[in-house]
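Visitor: build me a model from this:
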Amino acid sequence: MNARRIEEIMVPVDKYPCIPDTLTLRDAMMEMAVQILREKLLTLPRVALVFDTNFNDLLGMLRRRDIMRGFEPKFLGGLEYRRKLFDVAVDPNLSELSSDRVYARVRERANRIVRDYMIPIKTTIDCDDHIMKAVFEMVDKNVSLLPVLENGSVIGVVRSVDVLDEIASIINCDERPPKAGSASNPKQ
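Guide: From the prediction side, this is the model:
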């Protein structure tokens, strides 16, 4: 069995969330949610590709955690400060006192622009590349999604789940029962 090319296991770009960098976080979340209905997915896509306004140039990607970063309150300071802050016993009813203010701030933050929270593309892969190149790039760059290019244009994405499914197919195809009389067959 030959491993398939990346193009054969990728998700075509027209079946994947692609958003302009000028979109608000609110609209980006909506576009990702619409993708669930459009493609009959079971869960919200984890990443959207971010393009320029004309969808000519791939600028980056927006993960769900990048969207959450846009909603994070800035008064919490850095990570070390947050650890100290939350290392105390707090009355659980205290949060109810400011819920309206907190929710109002979340609604305000929903108008922040995607370009301020997207992350750069670390690497891409060509549509004709071998599956093992995707494995190498995903592990080496610590990413779970690679944009797929053909002649310099984005034609799709390959996700880690797609790569693992292909590897599982390769592994399962190679598992055959031992031949009679072989050293691994103790019945003879």
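
Visitor: next helix or strand past the helix or strand encompassing Phe136?
Guide: Using DSSP states H and E, Phe136 falls within helix 131-141. Following helix 131-141 in sequence order, the next helix or strand is strand 145-150 (DSSP H and E).

Visitor: other SSEs contacting the helix or strand following that next one?
Guide: Sequence order places strand 153-159 as the next helix or strand after strand 145-150, per DSSP H and E. Other elements packing on strand 153-159 under the criterion 3 or more C-beta pairs under 8 Å, 6 or more residues apart in numbering; DSSP states H and E are helix 6-9, strand 11-12, strand 47-51, strand 145-150. Just so you know, the C-beta spots here come from the backbone N, C-alpha and C atoms, and that holds for glycine as well.

Visitor: looking at the ones you listed, which is closest to Val34?
Guide: For those, the distance to Val34 is smallest for strand 47-51, at 11.0 Å, taking C-beta to C-beta.

Visitor: quick one: contacts of that closest one?
Guide: Identification of contacts with strand 47-51 by C-beta atoms under 8 Å, 6 or more residues apart in numbering yields 13, 16-21, 28, 31-32, 57-64, 114-115, 118, 144-145, 147, 154, 157.

Visitor: one step back: any chance of the helices and strands packed on strand 153-159 in JSON lines, plus mean neighbour count?
Guide: Output for these, formatted as JSON lines (neighbours: other C-beta atoms under 10 Å):
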{"stretch": "helix 6-9", "mean neighbour count": "19"}
{"stretch": "strand 11-12", "mean neighbour count": "14"}
{"stretch": "strand 47-51", "mean neighbour count": "23"}
{"stretch": "strand 145-150", "mean neighbour count": "21"}
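
Visitor: out of these, which gets nearest to Thr124?
Guide: Evaluated over the helices and strands packed on strand 153-159, closeness to Thr124 peaks at strand 145-150, with 4.8 Å, by C-beta to C-beta.

Visitor: by contact count, what packs against that closest one?
Guide: helix 6-9, strand 58-63, strand 125-126, helix 131-141, strand 153-159.

Visitor: again, only this time at 7 Å
Guide: Applying 3 or more C-beta pairs under 7 Å, 6 or more residues apart in numbering; DSSP states H and E, one finds that strand 145-150 contacts strand 125-126, helix 131-141, strand 153-159.

Visitor: Lys15 contacts Arg38, correct?
Guide: No. Using C-beta atoms under 7 Å, Lys15 makes no contact with Arg38, being 8.0 Å away.

Visitor: pLDDT on stretch 161-175, on average?
Guide: Here stretch 161-175 scores 83 as its mean pLDDT.

Visitor: now it - C-alpha only, CSV.
Guide: What follows is stretch 161-175, C-alpha atoms only, in CSV (Å, rounded to 0.1, in the frame of the first residue of the first chain):
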residue,chain,number,x,y,z
VAL,A,161,-6.4,13.9,12.9
ASP,A,162,-6.2,13.4,9.1
VAL,A,163,-2.5,12.4,9.3
LEU,A,164,-3.1,10.0,12.2
ASP,A,165,-6.1,8.4,10.3
GLU,A,166,-3.8,7.8,7.3
ILE,A,167,-1.0,6.4,9.5
ALA,A,168,-3.6,4.1,11.2
SER,A,169,-4.6,2.9,7.7
ILE,A,170,-1.0,2.1,6.9
ILE,A,171,-0.4,0.3,10.1
ASN,A,172,-3.6,-1.8,9.9
CYS,A,173,-2.9,-2.7,6.3
ASP,A,174,0.5,-4.1,7.2
GLU,A,175,-0.8,-6.3,10.0
